[in-house]
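Chemist: Predicted coordinates and the sequence they were generated for:
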Amino acid sequence: MRGTLLLMVMPWLLFGSVAKAQDTEGLPTLDILRRSDLVVNAPQDQEFTLSMILIDKKGKEKTREAKIWQKGADMRMVKFTSPADQEGIGFLDLPDDLMYVYLPAFKKVRRIASHVKNESFAGTDFTYDDMATINYSEEYDPELLGADTTKCLVLEDKEGKAEWVSKELKHYRLELTPKAGMKKDYSKLIIWIRSDNFYQTRIEYYDQRGNLWKIQEKRKIKEVDGYWTAMEVEMSDLAKNHKTRNMIAEIAFDQGLTDKFFTQRQLKRRPK
């Protein structure tokens, strides 16, 4: 169940008693995952304007524009703003695992049943479940696989000009398996978490047979208004040889969004 992390008011170093393993520096595995959840969901609210680029196996691209709003760690709304045939399509994620989709052609909000949450959202490589907010530490049990060095793009000041530079950074590599009673279409996840800021940079998704199904890569991670953010996120479906690349154009934090914004009524409104 998705819920606001009560752990945000607790010192994260107290979590070691329930960890499965520890890394070489003694940091408990569950602490790593919980700290990562806190970093990703740190803003009180978030608003993104982005391009969603769908890339097929021949390299042909289709571009959609969208807006995403999120409050805390358990409310999110997504709306397409273009092209015309996609405008107004929306998705709403609420606490207690409630999800809704709005299709303007039918002028009706439909609740998403549990058995279809693994279906593609509007033809992208993200399922409804992928599009929802998530606290991995609430839904998965972690096991530390290792602490590896991986290349990442890092924003550095080069003679007064900000440039993206490829650098080797230490990452924690965790295997996540669904908690008992948690229904997931993925048998496990392998997740890479930077050791310097605890931001997730790569997630591998495995099907119920244990085969690698999808890969999500978070790139161009930078600090915006005190919050770490990936300015580019790409999801690849290996079986379909298809990709969806999200490119953030505008971003704003802590704008004072209220719970009243995240309603079915708001979902039906024409995107601005």
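Modeler: Everything's here; your move. These numbers were taken from a predicted model, which means no experiment stands behind them.
Chemist: State the distance from the nearest residue to Pro83 once chain neighbours are set aside to Tyr100.
Modeler: Closest residue to Pro83 apart from its sequence neighbours, by CB to CB, 6 or more residues apart in numbering: Arg64 at 6.7 Å. In short, each C-beta sits where N, CA and C put it, glycine included. For Arg64, the distance to Tyr100 (CB to CB, to the nearest Å) stands at 20 Å.
Chemist: Please say which of these two ends up with more neighbours.
Modeler: Neighbour count, other CB atoms under 10 Å: between Arg64 and Tyr100, Arg64 has more, with 22 against 19.
Chemist: My guess is the more buried one contacts Asp85. True?
Modeler: No: between Arg64 and Asp85 there is no contact under CB atoms under 8 Å: 9.7 Å.
Chemist: Backbone dihedrals for the residue of the chain most remote from its centre, please?
Modeler: Distance from the centre of the chain peaks at Glu159, with 33.6 Å (CA atoms, centre = their mean). Main-chain torsions, Glu159, degrees, to the nearest 10: phi 50, psi 50.
Chemist: so what's Val78 up against?
Modeler: Taking CB atoms under 8 Å, 6 or more residues apart in numbering, we find Val78 in contact with Ala66, Lys67, Ile68, Gly90, Phe91, Leu92, Phe121, Met131.
Chemist: Which strand or helix spans Lys243?
Modeler: Using DSSP states H and E, the element containing Lys243 is strand 242-253.
Chemist: which SS class is Lys218?
Modeler: Three-state assignment for Lys218 (DSSP: H, G, I helix; E, B strand; the rest coil): strand.
Chemist: Please name the residues that touch it.
Modeler: By CB under 8 Å, 6+ apart, the contact set of Lys218 is Tyr199, Gln200, Thr201, Arg202, Ala230, Glu232, Val233.
Chemist: same deal with Glu139?
Modeler: Arg2, Pro178, Lys179, Met182, Lys184.
Chemist: In this protein, which helix is the longest?
Modeler: If you go by DSSP state H, the chain has its longest helix at helix 29-40.
Chemist: quick one: average pLDDT of that helix?
Modeler: The average of the pLDDT scores along helix 29-40 is 96.
Chemist: Okay, now the sheet partners of the helix or strand where Arg64 lies, with direction.
Modeler: If you go by DSSP H and E, Arg64 is part of strand 61-71. Strand 61-71 pairs in its sheet with strand 45-55 (antiparallel), strand 75-82 (antiparallel), by DSSP bridges.
Chemist: Which residues does that strand contact?
Modeler: Applying CB under 8 Å, 6+ apart, the contact partners of strand 61-71 are 43-55, 76-83, 86, 122, 133, 257-259, 261-262, 271.
Chemist: Could you give the separation of it from the chain centroid?
Modeler: Centre-to-centre, strand 61-71 and its host chain are 13 Å apart (CA atoms, centre = their mean, to the nearest Å).
Chemist: can you pull the buried residues of it?
Modeler: Buried residues in strand 61-71, defined by neighbour count with 16 or more other CB atoms under 10 Å: Arg64, Glu65, Ala66, Lys67, Ile68, Trp69, Gln70, Lys71.
Chemist: and the gap between the fourth one and Glu175?
Modeler: Here Lys67 is placed at a distance of 34 Å from Glu175 (CB to CB).
Chemist: for the residue nearest to Arg219 when sequence neighbours are not counted, what are its contacts?
Modeler: Using CB to CB, 6+ apart and skipping the chain neighbours, the partner closest in space to Arg219 is Glu232 (4.3 Å). Taking CB under 8 Å, 6+ apart, we find Glu232 in contact with Lys218, Arg219, Lys220, Arg245, Asn246, Met247, Ile248.
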